[in-house]
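[1] turn this into a model:
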Amino acid sequence: MDEVPEPHSGWTFLTNHARVLAAIADDRNARIRDIAARCRLTERAVQKIIADLEQDGYLSHTREGRGNTYRIDPSKVLRHPAESGLAVASLLSLLVRDEADRATYADVDDRHHASA
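    The predicted structure is shown next:
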């Protein structure tokens, strides 16, 4: 059964579809369970989002053993008319960072909160 993540109230800058796509861009072999935990969504919600992304050609997957390997089409353009012409690759370049960057950002954030 899907564990329901802690609810979030208020608005956010990113859609759940963008969060899931960024999580997959960070780890092409991520399990749905891991994506759900990272994005604070249920596994069922992540399955639906992945189906949406695949249906519209932003994402595809191949089965490897018991898991999936995902492939993002970086040339696909974002769907909203306000972002017409902006490719998925541009969005992901802002959202995805490697583990070394994550540690650096976490250290800076921890120091900032400690001094506040």
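[2] switch to C-alpha atoms for all contacts and neighbour counts from now on
    Will do.
[3] how about the contacts made by Ile32?
    43, 46-47 (CA atoms under 8 Å, 6 or more residues apart in numbering).
[4] inside helices: which ones of the residues you listed?
    Counting by DSSP state H, the part of the contacts of Ile32 found in helices is 43, 46-47.
[5] out of the contacts of Ile32, who's nearest His17?
    Distance to His17, by CA to CA, is smallest for Val46 among the contacts of Ile32, at 8.5 Å.
[6] these two touch, right, the closest one and Ile35?
    Yes. With contact defined as CA atoms under 8 Å, Val46 reaches Ile35; the gap is 7.2 Å.
[7] ok, the ones in helices among the contacts of Ile32 vs Thr15, which is closest?
    Val46 (12.2 Å).
[8] for Val77, phi and psi?
    phi -90, psi 150 (degrees, to the nearest 10).
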